[in-house]
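Participant: got a sequence here, can you build the structure:
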Amino acid sequence: MGRFHWNHLKLRDKLLLMYVFCVFIPIVLTNIVFYNVTTNNIKNQKSHDADIALEKLQGELRAVIDEAAGISYLYYIDPMLNQLLDEKYDSQIEYVEAFNNIRSVFNKSEQAYKTTSATVIYTDNPTVLSSGPIMPLSETEKEADWYRDFIKTNVSYPLFIQDGDTFSLVQRLNYVKGNGYNNLIKIDLNMATVKQLFALSGFEGSIYFLNPEGDVLYSNDSSVDWHSKAQKSEALPMPKNSLSFDKVYTNNNYLNNWSLHGVINEGSFLHDVRKSGSFVIYLALINFVLPSLIIAALSRSINKRLVKIVKHMKKVKNQHFETIPLDDARDEIGQLTGEFNRMTERIDNLITDVYQADIQKKDLEIRQRQAQLHALHSQINPHFLFNSLETIRMRSLMKGENETAKTIHYMAKIFRKSISWKRSWVSIREEIELTECFLEIQKYRFGDKLQYQITVEDTVYDQMIPKMTFLPFVENASIHGIESSPGIGLIQIHIGIAGNKLIFRLSDNGIGMSEAKLSELLSYLRLDDSIGDNVGVKNVYTRLKLCYKDSFEFDIVSEEGHGTTVELRLPLDMNGQ
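Facilitator: Residues are numbered from 1 along each chain as shown. So this is what the prediction gives:
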């Protein structure tokens, strides 16, 4: 058995090996690597999206509960309501007159019909009649589970508890010390709103609302019976290869250590990607079969003509000087055939013209010619075929990558569209109307504690700005500045033009911020980081950077105990078109 040498292989086998090792195997390996990278990227993106969706649900659910808690606090500090509940009435008519005088107090609950489903005030004052939301604290209520859980605590803030299928906030109404009656308020959340928040959260899996002890008190998982019995989160059925997400409530009296636990089956969002694995296999088969057929056709064309040349060469060896029928081929083999025919004709002429005495000499020349021909034959390099195959390979690669890139681009386009705003720019007039509505709502919440003044120059009403540019600052001033202030809060807003800038200035007399906290807030806003607690302000700052780049100016001045001033300076020539 002789030693292996590449020259021992037929040309067709060489072409096939060249394709397999230089084209097919690299394509398959590239597709496998690309498939794995795509799978990991989609898994990471889906995990990121799920975490954002659960964080969004956490914030929305907290907002619903905070609104109910705010209503509870308003009732808690209302002096007229406290006086009504603690007063001893000599007659029913006296009570009815007192109740009619404060009937408007209960409008607080009516404004939050989407957040709350019922507001009931319980009292054991025997002279108070059942009227409106006021009910006697009967023995039946005292035997209820929610009352037993509440009476075990001694907190001044609202207690978040579960009453059957409903979540409630229960708070003592003992802000004013009266005749020692037991007064409390129970606000039931609108569970339809809670259910809608879970349904529209965008989280593609099961979500469980857990109390600090780890009991499942609400879930969108139909397989979990959270209505009739408490079920521990550790006992929940977990799908194979599942991903878990947890969002814990902190820094909140009534929601502290409550949490949202999300579970997603990894296979659910990788199903479509894994189906593309078969597509990779089919594509690899196509990449193998189609080029193989092309290689077979090309190698047959080469081999057939080379065999014909070899056959006529053998005839020349036996002094049969036949020429090869010419075709229209212009490649190297066609040129070789033409040269062979001219050589054969010349040899035949030489043999005919030269004497028999020179036959041996001519035979030697012919053999030399044949040796040259064989040398030329051995030097034939199918370079043009390799270039053709490289072109096919590159087109196949380009086609495969574009299909995958197009799919990923299409999925990204759909996500962006799902979170885009219908209209991103509004006029100052529309923004001010929205701000005034918000402040009016805050006045319902804070009562006379909140006052505001808005001054707008006539020339700026039609100026266009990004939607909700001012409102988050107004919200921060009312929530963080005024809410914790013991006195009457005043928010002053001025919008006008200075030079070529639109000026928005907001001032409040709230609790203000220390230098360290202010520095921390400014650093946080300017960092390209994920959104933390100051969602609204961070959102506005990020959008202004996107819209105006470095053409806007932003400044905050605050002194602890003396209020905060926020100033925005925006270009006048930006109109959002």
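Participant: in the stretch 301-450 of the chain, which spans are helices?
Facilitator: Here the stretch 301-450 of the chain has its helices, by DSSP state H, counting those that start in this stretch, at 332-353, 359-378, 383-419, 428-446.
Participant: verify the contact between Phe552 and Arg543 for me.
Facilitator: No: in this structure, Phe552 is not within contact of Arg543 by C-beta atoms under 8 Å, at 10.5 Å. Using the backbone N, CA and C atoms, a C-beta is placed for each residue, glycine as well.
Participant: weakest of the helices of the stretch 301-450 of the chain in terms of mean pLDDT?
Facilitator: Lowest mean pLDDT of those: helix 383-419, a mean of 43.
Participant: list the contacts for Ile488?
Facilitator: For Ile488, the contacting residues are Asp448, Lys449, Leu450, Gln451, by C-beta atoms under 8 Å, 6 or more residues apart in numbering.
Participant: burial check on the closest residue to Leu173 other than its chain neighbours, number of neighbours?
Facilitator: Of all residues beyond its chain neighbours, the one nearest Leu173 is Asn183 (4.0 Å), with distances taken as C-beta to C-beta, 6 or more residues apart in numbering. Asn183 is flanked by 26 other residues according to other C-beta atoms under 10 Å.
Participant: what's the pLDDT at Asn183?
Facilitator: Listed pLDDT for Asn183 reads 88.
Participant: and it, how far is that from Ser72?
Facilitator: Distance of Asn183 to Ser72, given as C-beta to C-beta, to the nearest Å: 13 Å.
Participant: do Ile294 as well
Facilitator: 78 Å.
Participant: most neighbours among the contacts of Ile488, which one?
Facilitator: Within the contacts of Ile488, Leu450 tops the neighbour count with 22 neighbours, counted by other C-beta under 10 Å.
Participant: list the contacts for it?
Facilitator: Contacts for Leu450 (C-beta under 8 Å, 6+ apart) come out as Leu439, Gln442, Lys443, Ser478, Ile482, Ile488, Gly489, Ile491.
Participant: in a markdown table: those, plus distance to Asn44.
Facilitator: Output for these, formatted as a markdown table (distance: C-beta to C-beta, whole Å):
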| residue | distance to Asn44 |
| --- | --- |
| Leu439 | 42 |
| Gln442 | 41 |
| Lys443 | 46 |
| Ser478 | 39 |
| Ile482 | 42 |
| Ile488 | 51 |
| Gly489 | 45 |
| Ile491 | 43 |
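Participant: how about those residues, which pair is most distant?
Facilitator: Largest separation among those by C-beta to C-beta: Leu439 and Ile488, giving 14.3 Å.
Participant: ok, now which ones touch Gly510?
Facilitator: Shown in contact with Gly510 (C-beta under 8 Å, 6+ apart): Ala477, His480, Gly481, Ile482, Glu483, Ser484, Ser485, Gly489, Gly563, Thr564.
Participant: that one is in what secondary structure piece?
Facilitator: If you go by DSSP states H and E, Gly510 is not part of any helix or strand.
Participant: for it, which non-adjacent residue is closest in space?
Facilitator: The shortest distance from Gly510 to any non-neighbouring residue, by C-beta to C-beta, 6+ apart, is to Gly481 (2.6 Å).
Participant: what does Gly536 give?
Facilitator: That would be Pro472: by C-beta to C-beta, 6+ apart, it lies 3.0 Å from Gly536.
Participant: now do the same for that neighbour: helix, strand or coil?
Facilitator: Three-state call for Pro472 (DSSP: H, G, I helix; E, B strand; the rest coil): helix.
Participant: now for it, how many residues are close by?
Facilitator: Other residues within reach of Pro472, judged by other C-beta under 10 Å, total 18.
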